[in-house]
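J.: sequence and predicted structure below; questions after.
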Amino acid sequence: MAFKFGSFDSICGQGALPVCPLLGTSQGIEPGCYSRNVDLGGTIIFQPGACFIHIIALIMTLIMVLHIRSKYTAVGRKEIALFFYVYAVIELLCLFLDSGIIPTAHVVYPWFTAVHVGFICSIFWILLANGFVGFQFAEDGTPMSLWSLRISAFVVWGVSFFVAIATFNGYASFSYTKPMGLFIVLLVFPIVCVAIYVVSQLILVIRTLDDRWVIGDILFGVGFFTVGAVVLFAFSVTVCDAVEHYIDGLFFFVLCMLLSVMMVYKYWDSITKEDLEFAVGDKGAVWEVKECVVPSSFPPSRLASLPPRLRVFEVVALYLLTRSVSLPPSLSVPCSHLRTPTSRRRTTSLRTEEPEDLSSEEWEETSTTAPNLLEETTEATLPRDRVKATEARAASKGSTTRTHRREVFGTKKERESLLGRIGFSFFDASLPLSFFL
């Protein structure tokens, strides 16, 4: 039978689609060849090969959704996840409709088929909308992006559902003998959506991405989609006769659709990268200093006398030293009196020996002058930049640079005593002080 636009006669004559028993005549359109049935516990299962692929598709969809949800900072994560949610619903409905669990003669079969048609149109609309997420017309993941996609997909589902159920039951001048509207929403609309999606993604890859290998994912997806449609609509009877009715074109159609969906996932995964700086894991990491390396000449009483802002710097600097500097065992001691000024405080123990080379007056002078440096040079990013800014202000006030540096930082001996004899100098630190403020 020759193909005719707006008619399902030639299409249903080749492949057993769920809509075929409801079109053409009151008895539907029967395919020329279909796969053998299977008897399971007194229940006849139609299309066992296609049902097996439906189950595999549900499992693969679950795996892909879990991986998508794990990429917390990927672009369009929630939008593409909606695509796979709808695909899972379609596969579940196909499992009931193709297998005959819902008999074609039952009164609810047209309604389930109409819901199935609505979801098919919705998933292609969602695919089309995901093609424009990369262009950032609306920021992905925002309520505007998500709800506009959901509402528009629901509208498409509602329109296609009405066209399908009206065609099946003959409502509002629709007829199952002339299913032109159903032909457009079920066959023409998906092809248009796929074409627009492919063109938009090619433009996106060529104009914005350096990697051209992802074009292969697009081409493979289009290839699988095309092969599945051609095998179902043109060679289903030939395949069925060749394998003695064990499988038919519907088996290859469902398999190719699964591979096309997997290529959509593969393409999205290839063009989106996780931003590790802001990535969130399933289990939050607990940052805890179990053992702190502090020189024996750093008593807790002196730490308590420091102003809070300088105390933050001392705590962080000492913690960084414990993670980057290997010290002899003689200098490694637990620190229980050292508390971090955050909501999560960890207590350790410190030695209580007094320093031999730093008097109480010198300590007080250092603890009172160092915060002035932190307050006066907040615009500097590196310690040496802070020194230059301090020198400029000191020169403008009429004092010598060396004298002002000594007043602010203390002598070299005092600085080394303050942070311990471990090769770390407060003055020559390479980390930006602004990080600790």
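T.: Okay, I see it.
J.: for the chain, which segments count as strands?
T.: 38-40, 43-45 (DSSP state E).
J.: columns distance to His245, mean pLDDT and mean neighbour count on top of these, output as TSV?
T.: Any C-beta I mention is one placed from the backbone N, CA and C, and that applies to glycine too. Below are those laid out as TSV (distance: least, C-beta to C-beta, whole Å; pLDDT from 0 to 100; neighbours: other C-beta atoms under 10 Å):
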stretch	distance to His245	mean pLDDT	mean neighbour count
strand 38-40	12	85	11
strand 43-45	14	86	12
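J.: tabulate these in TSV, adding columns for distance to Trp213.
T.: What follows is those, written out as TSV (distance: least, C-beta to C-beta, whole Å):
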stretch	distance to Trp213
strand 38-40	42
strand 43-45	41
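J.: which stretch among the ones you listed comes nearest Val163?
T.: strand 43-45 (30.0 Å; C-beta to C-beta).
J.: so what secondary structure elements neighbour the closest one?
T.: strand 38-40 (3 or more C-beta pairs under 8 Å, 6 or more residues apart in numbering; DSSP states H and E).
J.: what residues go with each domain of this protein?
T.: Per the record, the chain has its domains at 9-271, 300-435, by automatic domain parsing.
J.: for the chain, which spans come out with low pLDDT?
T.: Along the chain, the model assigns pLDDT under 70 to residues 1, 274-437.
J.: at 80 instead, please
T.: Low-confidence segments of the chain, defined by pLDDT under 80: 1-3, 273-437.
J.: where is the longest helix in it?
T.: Ranked by number of residues, the top helix in the chain under DSSP state H is helix 143-169.
J.: tell me what that helix is packed against?
T.: Using 3+ C-beta pairs under 8 Å, 6+ apart: helix 143-169 touches helix 77-99, helix 109-130, helix 180-183.
J.: next, the buried residues of that helix.
T.: 145, 149, 153, 156-157, 159-168 (16 or more other C-beta atoms under 10 Å).
J.: now the angle from that helix to helix 77-99?
T.: 20 degrees (axes from the mean of the first three to the mean of the last three C-alpha atoms, to 10 degrees).
J.: quick one, helix 143-169 and helix 109-130 angle?
T.: Using the same axes, to 10 degrees: helix 143-169 against helix 109-130 is 150 degrees.
J.: let's number from 24 now, not from 1
T.: All set: I'll call the first residue 24, so the last point we hit is now helix 166-192.
J.: wait, doesn't Gln70 sit right on Leu120?
T.: No. Checked against C-beta atoms under 8 Å, the pair Gln70 and Leu120 is beyond contact range at 9.5 Å.
J.: now do the phi/psi pair for the nearest residue to Pro44 once chain neighbours are set aside.
T.: Excluding the flanking residues, the one nearest Pro44 by C-beta to C-beta, 6 or more residues apart in numbering is Gly51, at 3.6 Å. For Gly51, the backbone dihedrals (degrees, to the nearest 10) come out as phi 80, psi -170.
J.: might you report the residue contacts of Gly51?
T.: Contacts for Gly51 (C-beta atoms under 8 Å, 6 or more residues apart in numbering) come out as Cys35, Cys43, Pro44, Leu45, Thr127.
J.: would you enumerate the residues in contact with the third one?
T.: By C-beta under 8 Å, 6+ apart, the residues touching Pro44 are Gln50, Gly51, Ile52, Thr127, Tyr132.
J.: change it to 10 Å
T.: Residues counted as contacts of Pro44 (C-beta atoms under 10 Å, 6 or more residues apart in numbering) are 35, 50-53, 120, 126-128, 132-133, 136, 191.
J.: now, among these, which is nearest to Trp148?
T.: Checking those against Trp148 with C-beta to C-beta, the nearest one is Thr136 at 19.0 Å.
J.: what about the residue nearest to the closest one when sequence neighbours are not counted, how many residues nearby?
T.: Computed as C-beta to C-beta, 6+ apart, the closest residue to Thr136 that is not its neighbour in sequence is Pro41, at 5.1 Å. When neighbours are defined as other C-beta atoms under 10 Å, Pro41 has 20 of them.
J.: same deal with Ala104?
T.: A count of neighbours around Ala104, defined by other C-beta under 10 Å, yields 14.
J.: how much space between it and Tyr288?
T.: If you measure Ala104 against Tyr288 using C-beta to C-beta, to the nearest Å, the figure is 10 Å.
J.: which residues do those two both contact?
T.: With C-beta under 10 Å, 6+ apart, Ala104 and Tyr288 have common neighbours Met87, Val88, Ile91.
J.: take these and keep only those in helices.
T.: The members of these that map onto helices under DSSP H are Met87, Val88, Ile91.
J.: by neighbours, which of the residues you listed wins?
T.: Highest neighbour count within these, by other C-beta under 10 Å: Met87, with 23 neighbours.
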